[in-house]
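> The sequence and its predicted three-dimensional model are supplied below.
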Amino acid sequence: MPKPTDIPSFAASQLTLLDAELQAELSETNALLSSHTPTALARAGLAILNLNVSSMRTGLGGKTVVELGLDPAVVAKGEKPDIPEHGIRVGDIVGVQDQPSGSAKKTEKKELVNKGVEGVVLRVKRENVEVVLDKEDADVPSGGKLWIVKLANDVTYKRMNQTMTRLEKFGDQELTPFMRVLFGQGSPTPLPSDLNDPSNPLYKLEWNDPSLNDSQKEAIRFALASREVALIHGPPGTGKTHTLIELILQLLKQKLRLLVCGPSNISVDNIVERLASHKVSMVRLGHPARLLPSVLNHSLDVLTRTSEAAALVQDVRKEMDDKQASIRKTRNARERRQIYTELKELRQEFREREKGCVNNLVGGSKVVLATLHGAGGFHLKGQEFDVVIVDEASQALEAQCWVPLLWVRASKLVLAGDHLQLPPTIKSLNSKESKVAKKEMTKSKDKSTKAGEGDSGKPTEKMTLETTLFDRLLALHGSPIKRMLTTQYRMHEKIMRFPSDELYDSKLVAADFVKDRLLKDLPYEVKDTEDTQEPLVFWDTQGGDFPEKTEDDAVAKGSKGMSLGDSKSNEAEAALVKMHVGNLIEAGVKAEDIAVVTPYNAQLALLAGMLKEAYPGIELGSVDGFQGREKEAVIVSTVRSNADREVGFLGEKRRLNVAMTRPRRHLCVIGDSDTISKYVPFVLPFLFQHIVLLAAFLVTQAQAYLGLWVRSGTPESVGIGFTLLQRQDNALRNVHTL
Ligand SMILES: Nc1ncnc2c1ncn2[C@@H]1O[C@H](COP(=O)(O)OP(=O)(O)OP(=O)(O)O)[C@@H](O)[C@H]1O
C-alpha cells in the first residue's frame, strides 16, 4: 500500500503543475492572437467584428452585463442584423475592445489584445452576444466599432490555485478524519461483511427504481454504508448516473444534506433533469445562461427572482439598470464618475439583499448542485453537507475536486467515474513549462530528502495533472473502496468483448436487450447486408498504400482546441471511411445514427470535407470529444500508417477504449495492422477475428467502389480507386497469412 501523502508537498506540486498548465494555455492563445489578423481570427471563429453596445444591465451578483449587436453601418439594407457564424460560446472569456482598423500592422496586434475590458460570455443569440464584465467599474470602450475576441480562460485555474494554496497551509489540527482518509493518513472505516446478506437492513432497501441491476444495487448499498469514501466504477454504458440518482434518493430518505457536483455544466444538468422527474426540491448553482433550459426552474438565479424574498432584490436591480442606462447617455466625465460612485453604493446594497435571499434558498435546500468550480463560489463557503457526490470524477482534475471538499464542510465523498477511460485533457504534458515544473519538483524532493525529511511526499513524485482523485484514492486504498457496475446497456456483446477482456477483467455483461442488436434490427427499414448484420468490421490497410501525412492543423474553423501543432491525416483511409459510410447509408441506416471518430484533428477536417455535405446529419468527432457519447454505428479511423510503426495517441489504451466503446450495434475500425501491432498488440487478435469475414466482402465492395470512383472521373478519385484495387490483394494476403 503506498505511503500516506504529505499534504503540503502534494499541494505544492499541484500548484506547480497547475501553473505549467496555465502557462501552456496562455502561450497557445497568445501565439494565436499575436500571429493572426482580426479578420483571420474572426474567420477562425475566435472573434466577432463590427459590434456596438446595444444595452447594459445588472446581472446576478450585481455585475454589469453588456449586450453587443452588429453595427447598423455594416448591415445591408433589408437584411437581418444577424452576427456572422462564429465559435464564441457561453462561458468563454473574451476581451471587448475597440476594433483595430483594417490596416492594423502586425506589431500593433499584440498590444490590442491587452486593451479594453474582459468578461465572460453569458448568452449567445443570433443577433447579439451578452458579456458579463469582470470589473465592476470597467468602462466599455465607446464610440467606434468594437470587436470581441476569445482570450485564455484562467478563471478555473485561479480557483484551483486558491484551493491548493489553502490546502498547502492546512494545519494538522484542521484535518478531519475524513480528510486524513483522502490522503492515506487514516484508513476507511471497515464495512460490515454482510452488506449483500438478506439479514442486513441495507439489503431490504425500498428501491425507487425497480429496474436496477444487482451490481447497481450493490454499489448503492456500498456507498450508503461507507463512512468516508466510496468509488462507483462505471465502465461505458453501465448506468453510473442512473445509479447515482437512486443513491441520492436513498440518501435523502435518510435526511442527509447533499452537494452534488460534476466537472461540466452538462454533467450536473443531466442529474438535475433526472432528479426533477422524482420531484426532488433542489437548488442548481451556476450562470443561468450555461444551464440547460429544462433545469432553469431550479437555478438559483430564477429562484432569487421568483421567491418571496426576491422582491426586495428586484427594486435595487431596477435602480441599478436605470443608472447603467444613464451612463451611456452622459458625455460629461464628471457626471459619469458621479454615476459610477452611486452605482458602487447600490451594488453594495444589492449584494447584501441578494445575499440574504440566496442564503435562505441555499441554506434551506437539502440538495445543492453545482459544477466543481461553481461549488467554490461565495454561496457555499462554510456550508455543511453530509455527503459530497461527484459524477464523471475521472474527467476532473484533482485540484478541481478539492474545490467543494475544501470550501464546504463535508464528511463523506462518493465519486462515480471510470479511470479506464480518458482523463481530463492536459495541454502541458510535454510542454516546456511542464518539464521545468517536473525539474523543480525533483529538485525540491532532493532537498527534502537531503534535509532528512524522508519520502513522505513520495506519491506526488510521479504525479501529473492526469492523475485524478479517483486514481489516487484507488492507489491509496485499493479495490475495497470501490464497486464496479458490470451490466452494460449500450453495446452488442461482440463489441463489448474486447474492452471487457482487456480492461475490465472480463466482468462486463451485455444486458439482454442489447447483446445481439444489429443495424438490420433498427426500428426503421434497414436492408440485410454484410455490414448491417455484422457488429464488428476491421478494414486492414496494411501494405504501405494508405500512408499517413503530417500537416499543420492550425486554426481549424469552429474547432475548440485551435491547436497550432502538427496533426496527421490519411486520405486513402478517409476514402475508405466514405465508402463504408456510403454502404451503411445505402442499406438504409440514417446518417444521424452514424458517427466517425478519429484521434487526429487533421483527419477530422479531411473527413468533414468529404462527408458533411454528402451525408448531412452524420456526426464527426475526435475520440476525446466523443467520450460519454454513443451512436448506433461508429467508424474509427485510426490514421497511423508508417514504416516506423509510430502510433502516437493510439498507444494510450484509455483512448482506444473510448473509441471502441461508443457504438451500440456496429463498430468498424479502419487501420494498418502492421503499424498498430507494436504498440497496440492487444487489439489485433480481437480485430483479426473479424477481418476473415471481410475477405470476399472486401473484394466486392472495393470493386463496386472503384467503379463509382472511376465513373466520377477525377484524377484523384482514379488514384484512390487504384489504391483500393491493390488493397484487394493485400487484404487477401492478410487473411491468407493468418
Ligand atoms: N438498470 C437498468 N435497466 C435498464 N437500463 C438501464 C439501467 N441502468 C442504466 N440503464 C440505461 O443505460 C444507459 C446508460 O445509463 P447512464 O446514462 O446512467 O450511464 P452512464 O454510465 O452515466 O453513461 P456513460 O457510460 O456514457 O458514462 C441509459 O440509457 C440508461 O437508461
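Ah, there it is.

> tell me the phi and psi of residue 477?
Dihedral pair for residue 477: phi -110, psi -10, per degrees, to the nearest 10.

> ok, and the closest non-adjacent residue to it?
Distances taken as CB to CB, 6 or more residues apart in numbering place residue 188 nearest to residue 477, at 6.1 Å, with adjacent residues excluded. From N, CA and C alone the C-beta is placed, and that goes for glycine too.

> spatially speaking, which residue is in the middle of this structure?
Closest residue to the average C-alpha location of the chain: residue 264 at 6.5 Å, with CA atoms, centre = their mean.

> any idea how far that one lies from residue 364?
Relative to residue 364, residue 264 is positioned 27 Å away (criterion: CB to CB, to the nearest Å).

> same thing with residue 36?
Distance from residue 36 to residue 364, by CB to CB: 50 Å.

> who has more neighbours, the two?
The neighbour comparison of residue 36 against residue 364 (other CB atoms under 10 Å) goes to residue 36, with 19 against 9.

> Tell me the residue of the stretch 351-500 of the chain that sits nearest the ligand?
Nearest residue of the stretch 351-500 of the chain to the ligand (CB to the nearest ligand atom) works out as residue 489 at 3.4 Å.

> quick one: contacts for that residue?
Taking CB atoms under 8 Å, 6 or more residues apart in numbering as the criterion, residue 489 is in contact with 237, 238, 239, 511, 513, 514.

> tell me the two of these that are most distant?
Spatially, the most separated pair among those is 238 and 513, at 14.5 Å (CB to CB).

> Of the two, give the one with the bigger neighbour count.
Using other CB under 10 Å as the criterion, residue 238 and residue 513 rank with residue 238 on top: 26 against 8.

> Checking that one next. Helix, strand or coil?
Put simply, residue 238 is coil when judged by DSSP: H, G, I helix; E, B strand; the rest coil.

> Residue 665 now?
On the basis of three-state DSSP, residue 665 is classed as strand.

> Show me which residues of the stretch 551-700 of the chain sit near the ligand.
Residues of the stretch 551-700 of the chain that fall close to the ligand, judged by CB under 6 Å from any ligand atom: residue 628.

> can you tell me the helix or strand for the residue of the stretch 551-700 of the chain found nearest the ligand?
Nearest residue of the stretch 551-700 of the chain to the ligand (CB to the nearest ligand atom) works out as residue 628 at 4.9 Å. Element membership of residue 628, judged by DSSP states H and E, is empty: it is in no helix or strand.

> residue contacts, it?
residue 392.

> and it, backbone torsions?
Backbone torsions for residue 628, taken as degrees, to the nearest 10, come to phi 90, psi -10.

> ok, residue 279 - how many residues close by?
Residue 279, neighbours per other CB under 10 Å, totals 6.

> swap that for residue 297, sorry
Residue 297 has 12 nearby residues by other CB under 10 Å.

> can you confirm it is in a helix?
Yes - applying three-state DSSP, one finds residue 297 inside a helix.

> For it, give its distance to the ligand.
Going from residue 297 to the ligand by CB to the nearest ligand atom, to the nearest Å gives 22 Å.

> Residue 282 now?
Counting by CB to the nearest ligand atom, the gap from residue 282 to the ligand is 18 Å.

> if we can go back for a sec, so what's the residue nearest to the centre of the chain closest to, chain neighbours aside?
Excluding the flanking residues, the one nearest residue 264 by CB to CB, 6+ apart is residue 371, at 6.6 Å.

> and what of residue 593?
In space, residue 593 is closest to residue 632, 3.9 Å off (CB to CB, 6+ apart).

> And the longest helix belonging to the chain, what does it pack against?
Secondary structure of the chain per DSSP state H: the longest helix is helix 333-363. Packing partners of helix 333-363 (3 or more CB pairs under 8 Å, 6 or more residues apart in numbering; DSSP states H and E): helix 300-306, helix 310-329.

> and the residue in the stretch 101-250 of the chain that the ligand sits nearest to, how many neighbours?
Proximity of the stretch 101-250 of the chain to the ligand (CB to the nearest ligand atom) peaks at residue 239, 2.7 Å away. Using other CB under 10 Å, residue 239 has 23 other residues around it.

> just residue 11 next, same as before
Neighbours around residue 11, by other CB under 10 Å: 22.

> Identify the residues contacting it.
164, 165, 167, 168, 170.

> ok, 10 Å please
Shown in contact with residue 11 (CB atoms under 10 Å, 6 or more residues apart in numbering): 5, 163, 164, 165, 166, 167, 168, 169, 170, 399, 402, 460.

> my guess is residue 292 contacts residue 265, does it?
Yes - in this structure, residue 292 is within contact of residue 265 by CB atoms under 10 Å, at 7.9 Å.

> If you count surrounding residues, which of the two has more?
Remark: of residue 292 and residue 265, residue 265 carries more neighbours, 22 against 15, as counted by other CB under 10 Å.

> shaky segments in the stretch 451-600 of the chain?
For the stretch 451-600 of the chain, applying pLDDT under 70 flags the ranges 451-462, 543-545, 551-566.

> ok, now with 90
451-466, 498, 502, 530, 536-573, 575-576, 599-600 (pLDDT under 90).

> residue ranges of the helices in it, please?
Shown for the stretch 451-600 of the chain, the helices assigned by DSSP state H, counting those that start in this stretch span residues 458-461, 469-477, 493-503, 571-587.

> Output these as TSV; include the columns distance to residue 652 and mean neighbour count.
Putting the helices of the stretch 451-600 of the chain into TSV (distance: least, CB to CB, whole Å; neighbours: other CB atoms under 10 Å) gives the following:
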stretch	distance to residue 652	mean neighbour count
helix 458-461	22	18
helix 469-477	14	21
helix 493-503	12	20
helix 571-587	20	21
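
> export the ones you listed to TSV and tack on distance to residue 648?
Converted to TSV, these look like this (distance: least, CB to CB, whole Å):
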stretch	distance to residue 648
helix 458-461	27
helix 469-477	23
helix 493-503	20
helix 571-587	15
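
> Out of those helices, which gets nearest to residue 67?
Between the helices of the stretch 451-600 of the chain, helix 469-477 lies closest to residue 67; by CB to CB that is 39.5 Å.

> for that closest one, packing partners?
helix 177-182, strand 229-233, helix 398-407, strand 413-417, helix 458-461, strand 482-484 (3 or more CB pairs under 10 Å, 6 or more residues apart in numbering; DSSP states H and E).

> Quickly, which of those bottoms out on average pLDDT?
Mean pLDDT per stretch puts helix 458-461 lowest among those, at a mean of 40.

> ok so, going back, any idea which of the helices and strands packed on helix 333-363 gets closest to residue 505?
Evaluated over those, closeness to residue 505 peaks at helix 300-306, with 42.9 Å, by CB to CB.

> Dump the closest one to PDB, keeping only the CA atoms.
What follows is helix 300-306 as a C-alpha-only set of coordinates in PDB (Å, rounded to 0.1, in the frame of the first residue of the first chain):
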ATOM      1  CA  LEU A 300     -30.500  29.900  -8.100                       C
ATOM      2  CA  ASP A 301     -30.900  32.900 -10.400                       C
ATOM      3  CA  VAL A 302     -34.500  32.100 -11.200                       C
ATOM      4  CA  LEU A 303     -35.300  31.200  -7.600                       C
ATOM      5  CA  THR A 304     -33.900  34.600  -6.500                       C
ATOM      6  CA  ARG A 305     -36.400  36.300  -8.800                       C
ATOM      7  CA  THR A 306     -39.400  34.100  -8.000                       C
END
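
> for the residue nearest to residue 386 when sequence neighbours are not counted, helix, strand, or coil?
Closest residue to residue 386 apart from its sequence neighbours, by CB to CB, 6+ apart: residue 256 at 3.9 Å. Secondary structure for residue 256, judged by three-state DSSP, is coil.

> Would you agree residue 256 is in contact with residue 414?
No - counting by CB under 10 Å, residue 414 is not a contact partner of residue 256; they are 11.3 Å apart.

> Tell me the residues that contact both of those two, please.
224, 248, 387.

> For residue 354, state which of the contacts of residue 489 is nearest.
After measuring those against residue 354 - CB to CB - the closest member comes out as residue 239, at 38.8 Å.
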